[in-house]
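Asks: Take a look and give me a structure for this.
(chains A and B)
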Amino acid sequence: MKIENTKAQMRKGVLEFCILSVLKDDDAYVAEILDTLKDAKLLVVEGTIYPLLTRLKNAGLLNYRWEESTSGPPRKYYGLTETGKLFLNELNTTWSELQNAVNIVTNQKTNKNE
Amino acid sequence: MNKTVNINLAGIFFHIDEDAYLKLQRYLEAIKRSFTDSQGRAEIIADIEARIAELFSERLINERQVIGNKEVDEVISIMGQPEDYLVDDEIFEDEPQSSSSQKEKSNKKLFRDTDNSYIGGVSAGLAHYFGIDAIWIRLIWILLVVGGFGTGILLYILLWILVPEAKTTAEKLMMTGEPVNISNIEKKIKDGFDSVSETVSGVAKNVSDSVSGAAKKVDIKKQGNKIKSSSRTFFDTLADVIMFFFKIIAKFIGLILILIGASTLIALIVGLFSLGAIDIIPGTDLVGIVNAGETPVWFASLLAFLAVGIPFFFLFYLGLRILITNLKSIGKVAKLSLLGLWLFSLIGIAIVSIREASEHAYNEHYIEKMPLETRAKDTLIVSFAENDYFKNPFYRHDAFKVASNPEGKKTIFSKDLRIQVKSTTDSVASIKIEKSADGRNYEKALDRAKNIEYSYAFNNKDLVLDAYYSTAISNKYCEQEVLITLYLPVESVVYFEKNTESFLNYRTHSNNIVTSNQVNHYLTIGSDNVICKTCETEKEEESFEVNVDMPQVKINDKGIEIKTGDKQILKIDENGINGEVETVRVKIDSTGINITSDEKNENQ
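Replies: Alright, predicted model coming up:
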């Protein structure tokens, strides 16, 4: 078992959830999503996001519209679909549960250590 | 100064340096290969291209600026290496090990490697498959073709037809057994960008086909190209095949040249060392003994080595050049100095041989003549005495042998001696010993002849001759010979013992009157021949032949038959003796003697 794989598993699992969360309130184009994720240090390189976005879009959780850009090529603005919103809600619940569970488990460990 | 390329990235126009362009192209190609169509490759790539275009635009201050390596590197570092694009479902699997172990297994597949092919790439493919160098596979093919009566050719054609060609990068990776992953693909692309550029453009076309609606047009174009290219490939293949056979023949000749050259060189080197060693190892100085010219052996053998070895070295080199096209030249200086060395060795050999030949220029004889107390009516018994120090195995026709003499000194022994008998009118017999040898000049030859040691013993009527002569090793072996001539008075008797047979001539000539088939006989000397009393009877018996054929008496090889009138009186034949007179019959045969009389019977 490689630590890199485990880390990547963790991060990538959360990544989809995070992308959906970024798009929760406002539509955004890739650079904006990337900025947010990069600020949160969830993403090191940009490449990872493209296949994820395509996958989410193909799963019907996201849709996009084209918008002209002044500085570059036209931009794809991604937004959540209805299914996406439901999906995100469910993920939110799962995440809080998970967070809670992980907290309990890890805290117990540290308490014992003390 | 750099050449620039114009590109259209997501609908935006860019000037880009050529090398930067190639780098970007490789990068995009590697990414492209990490996705399958089912993942929505075209879309992902389009997104990525759009993002790259955006990043480029951010970096350009004005429209005249050109994208360089620096910008491409920056963009790549932002976007991440192709591996980072992997979203594969693999990573979400429970057991990542299983996937990685699968990768390690990396089942190799047999493909034809047309990039490294001679004919159809079968050998190269097999070489990849078995993980050995293609040359061995090719050698096996040659052996199969030569030794297997063409089964090799059949098998090759079969494999050519059946084994698919490795066309795509993935297939090429499978062929070599490398796991098909991004980094390998990218590596492969970097390794031979040109070789896969076709494939790349093919893929790019596919992508553009699915994206744009102009698929039809492209398809038609493609079909046309295909037809064109297939007819072209036929002639290309034909030419290739012909060229290939020329190549094969050339390579084969090269191989033969190498084999000949190498084996001769090895043989020469072994020979040089073993000959050169003769000087060092004591006791094996045969060569030194023959070598009357006194040229150092190591020098002579070195000359021979160079004279023969250098041409064979060039042969070997030529073979290598044919077989390995990119072989480094040994250089003009080396070639010329080898040539010089060769000429030098040739001249050296000429000088040495002249010296050696001149050693045989003069042949001188040294003659001793001694009386033997043998007169008419006396008998002389001639025999040869062997030497304990110088024994068998040794044949008369061996030139010489080196052995220690009684004093323990190394001596040359030889049986190169002959004996002849001549009739003389003198009253006393005599023996003449004629020693001869070759030499560079008269003195040298005579000296050698004199130095031949040869002795005999005469006692009353026995003449015991040495069966060999000897000479000191310093005299060298130089055609030394001893001729013994016995002058015997008429009417004397001579007897040659059996061991003299090989030293006698087998026929009479130039006054020699005794031949080798007359040994073991008492021979009486005539004026110009010998009279053999004991031999005569045999000879006459052989020539005697009687054949009487008369009505009453018949004598022939069947027997004797005597008749009186019609009646048989006596018959002697192979059955026995049968005699018959009127009243008595005598019969002697294998059963016994039977005498029958009319008066009384007597059995014995």
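Asks: Run through the residues of chain A sitting next to chain B.
Replies: Within chain A, the residues that sit near chain B (CB under 8 Å from any CB of the partner chain) are A:1-2, A:5, A:8-9, A:12-13, A:30-31, A:44-48, A:50-55, A:58, A:69, A:71-76. Where you see a C-beta, it was placed from the backbone N, CA and C, and this is true even at glycine.
Asks: what about burial for those, which qualify?
Replies: Among the residues of chain A next to chain B, the ones that count as buried by 16 or more other CB atoms under 10 Å in any protein chain shown are A:5, A:8, A:30-31, A:45-48, A:50-55, A:69, A:72-73, A:75-76.
Asks: Just the terminal-to-terminal distance for stretch B:463-471.
Replies: Distance across stretch B:463-471, first residue to last, is 22 Å (CA to CA, to the nearest Å).
Asks: Touching that stretch from outside, list them.
Replies: Residues outside stretch B:463-471 that contact it (CB atoms under 8 Å, 6 or more residues apart in numbering or on different chains) are B:372, B:380-387, B:390, B:405, B:411-417, B:419, B:431, B:435, B:448, B:451-458, B:480, B:482, B:484, B:486, B:499-500, B:503.
Asks: So which bits of that stretch are buried?
Replies: Buried residues in stretch B:463-471 (16+ other CB under 10 Å): B:L463, B:V464, B:L465, B:D466, B:A467, B:Y468, B:Y469, B:S470, B:T471.
Asks: Distance of the third one relative to chain A?
Replies: The one in question is B:L465. According to CB to the nearest CB, to the nearest Å, B:L465 stands 101 Å off from chain A.
Asks: what helix or strand is the closest residue to chain B within chain A on?
Replies: Closest approach between chain A and chain B, counting by CB to the nearest CB: A:V45, at 2.6 Å. A:V45 belongs to no helix or strand when assigned by DSSP states H and E.
Asks: okay but it is in contact with B:I76, surely?
Replies: No: judged on CB atoms under 8 Å, A:V45 makes no contact with B:I76 at a distance of 9.2 Å.
Asks: I'd like the distance between the spatially most central residue of chain A and A:V30.
Replies: In chain A, the residue lying closest to the centroid (CA atoms, centre = their mean) is A:C18, at 2.3 Å. Distance of A:C18 to A:V30, computed by CB to CB, to the nearest Å: 14 Å.
Asks: What segments of chain A are strands?
Replies: Ranges of strands in chain A, per DSSP state E, are A:28-29, A:62-67, A:75-80.
Asks: can I get those in a markdown table with mean pLDDT?
Replies: Formatted as a markdown table, the strands of chain A follow (pLDDT from 0 to 100):
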| stretch | mean pLDDT |
| --- | --- |
| strand A:28-29 | 86 |
| strand A:62-67 | 87 |
| strand A:75-80 | 87 |
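Asks: could you dump the ones you listed to CSV with distance to B:L257?
Replies: Formatted as CSV, the strands of chain A follow (distance: least, CB to CB, whole Å):
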stretch, distance to B:L257
strand A:28-29, 71
strand A:62-67, 71
strand A:75-80, 68
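Asks: do you know which of those lies nearest A:T106?
Replies: Closest to A:T106 of the strands of chain A is strand A:75-80 (CB to CB; 31.4 Å).
Asks: Alpha carbons of that closest one, as PDB, please.
Replies: This file holds the C-alpha atoms of strand A:75-80, laid out as PDB (Å, rounded to 0.1, in the frame of the first residue of the first chain):
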ATOM      1  CA  ARG A  75     -15.100  30.400 -21.400                       C
ATOM      2  CA  LYS A  76     -17.200  27.500 -20.200                       C
ATOM      3  CA  TYR A  77     -19.300  28.600 -17.300                       C
ATOM      4  CA  TYR A  78     -20.300  25.600 -15.200                       C
ATOM      5  CA  GLY A  79     -23.400  25.400 -13.000                       C
ATOM      6  CA  LEU A  80     -25.200  22.800 -10.900                       C
END
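Asks: give the contact list for the residue in chain B positioned nearest to chain A.
Replies: Of all residues in chain B, the one sitting closest to chain A is B:G80 (2.6 Å; CB to the nearest CB). Neighbour list for B:G80: A:V44, A:V45, A:E46, A:G47, A:T48 [criterion: CB under 8 Å, 6+ apart].
Asks: one more time with 7 Å, if that's ok
Replies: By CB atoms under 7 Å, 6 or more residues apart in numbering or on different chains, the contact set of B:G80 is A:V45, A:E46, A:G47, A:T48.
Asks: just checking, what packs against the top helix by length along chain A?
Replies: Across chain A, the helix with the greatest residue count (assigned by DSSP state H) is helix A:82-113. Helix A:82-113 is packed against helix A:3-22, with contacts defined by 3 or more CB pairs under 7 Å, 6 or more residues apart in numbering or on different chains; DSSP states H and E.
Asks: go again using 10 Å as the cut-off
Replies: Counting contacts by 3 or more CB pairs under 10 Å, 6 or more residues apart in numbering or on different chains; DSSP states H and E, helix A:82-113 packs against helix A:3-22, helix A:49-58, strand A:62-67, strand A:75-80.
Asks: Just tell me which of these ends up closest to B:S427.
Replies: That would be helix A:3-22 among the helices and strands packed on helix A:82-113, by CB to CB, at 125.1 Å.
Asks: Break chain B into its domains for me.
Replies: Per automatic domain parsing, the structural domains of chain B span B:4-90+B:95-100, B:106-224, B:225-358, B:362-540, B:548-603.
Asks: if we can go back for a sec, can you say which of the contacts of stretch B:463-471 are buried?
Replies: Buried residues within the contacts of stretch B:463-471, counting neighbours by 16+ other CB under 10 Å: B:372, B:380-382, B:384, B:390, B:405, B:411-417, B:419, B:431, B:435, B:448, B:451-454, B:456, B:458, B:480, B:482, B:484, B:486, B:500, B:503.
Asks: can you give me the helices in the stretch 101-250 of chain B?
Replies: Secondary structure of the stretch 101-250 of chain B by DSSP state H, counting those that start in this stretch: the helices cover B:122-130, B:134-147, B:151-162, B:169-176, B:182-191, B:193-211, B:215-278.
Asks: These: lowest mean pLDDT?
Replies: Note on these: lowest mean pLDDT is at helix B:193-211, with a mean of 50.
Asks: if we can go back for a sec, lowest-confidence stretch among the domains of chain B?
Replies: Confidence, taken as mean pLDDT, is least for domain B:106-224 of the domains of chain B (a mean of 68).
Asks: wait, is B:A449 part of a helix?
Replies: Yes: assigned with DSSP: H, G, I helix; E, B strand; the rest coil, B:A449 falls within a helix.
Asks: Touching, it and B:L483? I think so.
Replies: No: applying CB atoms under 10 Å, one finds B:A449 not in contact with B:L483, separated by 11.2 Å.
Asks: and B:F496, how many residues sit next to it?
Replies: When neighbours are counted by other CB atoms under 10 Å in any protein chain shown, B:F496 registers 27.
Asks: how about it, what does it touch?
Replies: Counting by CB atoms under 10 Å, 6 or more residues apart in numbering or on different chains, B:F496 touches B:380-384, B:419, B:421, B:463, B:486, B:503-504, B:514-516, B:518-523.
Asks: Okay, and the beta partners of it?
Replies: The partner list for B:F496 in beta bridges (DSSP bridges) reads B:V382.
Asks: Against B:K461, how distant is it?
Replies: 13 Å.
Asks: anything in contact with each of those two?
Replies: Common neighbours of B:F496 and B:K461, counting by CB under 10 Å, 6+ apart, are B:L380, B:I381, B:V382.
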